[in-house]
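1. Sequence and predicted structure, then a few things I'm wondering about:
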Amino acid sequence: MENEPKAIHAFPLLKHRAYEDIKQRIVDPTLRPDEQLIEPRLAEQVGFSRSPIREAVQRLEQEGLVYSLPFKGRFVAEINNKAIRDIFQLREALERRERVRAESGVSAHRRSVLEDFLHSNDFKFFFRR
């Protein structure tokens, strides 16, 4: 088991990490409603190049957390309680679907090991170098 190659999806792409980081900044709200999103500034704050930032902002626009004004740029959308509820319900549904999908290809023994790991709340060894 130790010599098994790690799945590519075990390492999130930069655009996904940038998306999560920017989304968190919108929700918490470090980035305020109607604040302009300037790619070079976001890239510096998040620590990624502009390409993953651009892709993350496009995805956030598709989800309604960002809006565009022609010839002006992209801005943080105002989030109300219903929007937050919708986001979390969507995330819960997606996580549930992915868990079922992941479990379908895992042996009972491996599932047991993973469940023990998750319930132990000891993630330190996961991040060993």
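-> Sure thing, it's come through.

2. What residues sit buried inside the longest helix along the chain?
-> Secondary structure of the chain per DSSP state H: the longest helix is helix 81-104. Neighbour-count burial for helix 81-104, counted by 16 or more other C-beta atoms under 10 Å, picks out residue 87. To be clear about C-beta, it is placed using only N, CA and C from the backbone, and glycine gets the same treatment.

3. what's the offset of that helix from the middle of its chain?
-> Helix 81-104 has its C-alpha centroid displaced from the chain centroid by 12 Å (C-alpha atoms, centre = their mean, to the nearest Å).

4. quick one: average pLDDT of that helix?
-> Helix 81-104 carries an average pLDDT of 79.

5. other SSEs contacting that helix?
-> Using 3 or more C-beta pairs under 8 Å, 6 or more residues apart in numbering; DSSP states H and E as the contact test, no helix or strand touches helix 81-104.

6. what's that helix in contact with?
-> 27, 63-65, 111 (C-beta atoms under 8 Å, 6 or more residues apart in numbering).

7. Give me the buried subset of the residues you listed.
-> Counted by 16+ other C-beta under 10 Å, the contacts of helix 81-104 give residue 65 as buried.

8. Okay, strands next: where are they in this protein?
-> Counting by DSSP state E, the chain has strands at residues 36-37, 66-69, 73-76.

9. sorry, back to before: any chance of the contacts of helix 81-104 in CSV with distance to residue 19 and pLDDT as columns?
-> Below are those laid out as CSV (distance: C-beta to C-beta, whole Å; pLDDT from 0 to 100):
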residue, distance to residue 19, pLDDT
27, 12, 84
63, 9, 84
64, 14, 85
65, 10, 89
111, 29, 73
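
10. So this structure: which segments form each domain?
-> 11-79, 80-129 (automatic domain parsing).

11. Out of those, which one sits most buried?
-> Highest mean neighbour count among the domains of the chain (mean count of other C-beta atoms under 10 Å): domain 11-79, with a mean of 16.

12. ok, residue 31 touching residue 37?
-> Yes - Residue 31 is in contact with residue 37 according to C-beta atoms under 8 Å; the separation is 7.2 Å.
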